[in-house]
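> Just to be clear, the model below is a prediction. Sequence and coordinates:
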Amino acid sequence: MMQRKRRRSQSAARGRALAVLARMRSRGESLSEAARNEKTTARTVRRHVGSAMIRDPRTGHFAAKSGDTFRRDINVLGYDGYVPLSVRSSKQAQLASEHLIATGRFIRTGDTEWLKPFIGKRVGRVELLTDPDRLREFADAGLVKLDALYRQNHGGRREK
């Protein structure tokens with residue numbers, strides 16, 4: 001029981017560390033600022049994702065590298081709905097995230113321009129859903145979850 005609790009808390013800490021890394025890349029926040037905003041510490045971030053950061057030898061400040069190869073368990077919205085995948089690229093996770101954001105904007109506005117940059121693009125083996133009619137079908141059925149990028153439940157088999 002203790003082992004399971006520890007794994008869960010380690011997983012949560014790792015998730016927060018990945019979120020700090022994303023904030024540093026997208027918003028240009030410092031390590032301490034991003035860690036504070038994600039409710040964790042710089043030490044925890046360095047322990048979990050330190051290899052994805054570089055330290056300036058003159059100032060001692062950390063900056064996020066442009067990409068990393070940490071495994072992320074995500075859901076990708078494809079033609080048949082959400083597909084669980086494990087990706088080993090921050091760029092692939094970012095593409096899936098941007099697609100989900102564009103999907104939400106399309107659903108709110110009806111403007112297909114949001115979907116055009118994703119036509120023919122894939123995350124892993126899944127082609128991103130850009131068909132407006134199919135997206136409306138999913139939205140009308142309540143199947144589009146805009147916060148469903150990261151998988152929370154790790155039970156069962158994992159896709160590669």
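Nice, I can see it.
> Need phi/psi at Ile74.
Ile74 has phi and psi values of phi -130, psi 170 when expressed as degrees, to the nearest 10.
> what about the nearest residue to Arg134 once chain neighbours are set aside, how many neighbours?
Of all residues not flanking Arg134 in the chain, Tyr79 sits nearest, at 6.4 Å (C-beta to C-beta, 6 or more residues apart in numbering). Every C-beta, even on glycine, is put in place using the N, C-alpha and C of the backbone. The tally of other residues near Tyr79 (other C-beta atoms under 10 Å) stands at 13.
> can you check Leu85 too?
Leu85 has 22 nearby residues by other C-beta under 10 Å.
> can you check Val144 too?
As a burial measure, Val144 scores 21 neighbours (other C-beta under 10 Å).
> May I have the residues that are in contact with the spatially most central residue of the chain?
Centroid-nearest residue in the chain: Ala93, 4.8 Å away (criterion: C-alpha atoms, centre = their mean). Taking C-beta atoms under 8 Å, 6 or more residues apart in numbering, we find Ala93 in contact with 72, 74, 87, 149.
> any low-confidence regions in the protein?
For the chain, the stretches flagged by pLDDT under 70 are 1-9, 151-160.
> let's see 90
Filtered on pLDDT under 90, the chain yields the residue ranges 1-12, 142-160.
> Just the strands from this protein, written as ranges.
53-55, 62-64, 72-78, 81-87, 122-123, 126-127 (DSSP state E).
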